[in-house]
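[1] Model the structure of this input:
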Amino acid sequence: MNRLENIAAAIFGTAFLLLALMVAVETVMRKVFNTSLQGVDELGGYILATSASLAMAVALVSRAHIRIDLLHDFAPRVLRIILNLLAMASLAVCAILLLQMAWISLDESILFTATAQTPWATPLRYPQTAWVVALALFVAVSLFQLVKMAVLSARGNWAAIDRIYGPRGAKEELDEEVENLRQRSRPGTGPTP
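    Residues are numbered from 1 along each chain as shown. Next up is the predicted model:
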């Protein structure tokens, strides 16, 4: 799982670094040369939409989505399992609804051969297709996690559900950070994939 997170972080980081560089060049060109690259903000929107959709899938797998766990740890195990199932099911429904809305948008863009209202006049079907694919991946990951959780429930493996799908506690996050720090501080080693 760390490998997937590292690959995703490298892709997102590179995309946003290139975008930041383009924005900096755009800013200097406007101030110094009174000219523009035109379309940097458009490209930024496409990168943000696609990256955010992919990041939701990565965050789901790494349990990085925010959950309010104030009472979760003090609840009886049965209630914790129900809350975990409810959280995963609601996230899957949310992912499906996002995909549905993105699909409607893509379908209309294809139907009307819509283009962006920018100097590039980008046919919207291309960036929206990337967005739909990224959201479809989020849906697939959320449904896979929901099915996996249901299988664990059917087998009565409550401890695994609690451990794998419960919100990450402060102690778990601290232990993970300490381990990452140990990995980075060893000479000639980096984070373990």
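[2] When you work out contacts or count neighbours from here on, use the C-alpha atoms and nothing else.
    Noted.
[3] Point me to the residue sitting farthest from the middle of the protein.
    Phe33 (37.8 Å; C-alpha atoms, centre = their mean).
[4] right, and the helix or strand after the helix or strand Val78 falls within?
    Using DSSP states H and E, the secondary-structure element containing Val78 is helix 77-111. Next along the chain after helix 77-111, taking DSSP H and E as the criterion, comes helix 125-154.
[5] Does anything pack onto that following helix? Which helices or strands?
    In terms of contacts (3 or more C-alpha pairs under 8 Å, 6 or more residues apart in numbering; DSSP states H and E), helix 125-154 is packed against helix 40-61, helix 77-111, helix 158-165.
[6] residue nearest the centroid of this protein?
    When the chain is reduced to its mean C-alpha position, the nearest residue by C-alpha atoms, centre = their mean turns out to be Ala55, at 1.6 Å.
[7] can you tell me which residues contact it?
    For Ala55, the contacting residues are Ala8, by C-alpha atoms under 8 Å, 6 or more residues apart in numbering.
[8] Report pLDDT for it.
    On pLDDT, Ala55 comes in at 88.
[9] Can you tell me how far it is from Ala10?
    12 Å (C-alpha to C-alpha, to the nearest Å).
[10] What count of nearby residues applies to the nearest residue to Leu146 once chain neighbours are set aside?
    In space, and not counting its chain neighbours, Leu146 is closest to Met88: 6.0 Å by C-alpha to C-alpha, 6 or more residues apart in numbering. Neighbours of Met88 under the rule other C-alpha atoms under 10 Å: 21.
[11] Quick check: buried residues in the helix or strand hosting Leu19?
    Remark: Leu19 resides in helix 2-28, with elements defined by DSSP H and E. Neighbour counts over helix 2-28 (16 or more other C-alpha atoms under 10 Å) mark Glu5, Ala8, Phe12, Ala15, Phe16, Leu19, Met22, Val23, Glu26, Thr27 as buried.
[12] for stretch 64-83, same thing?
    Neighbour-count burial for stretch 64-83 flags His72, Arg80, Ile81, Leu83 (criterion: 16+ other C-alpha under 10 Å).
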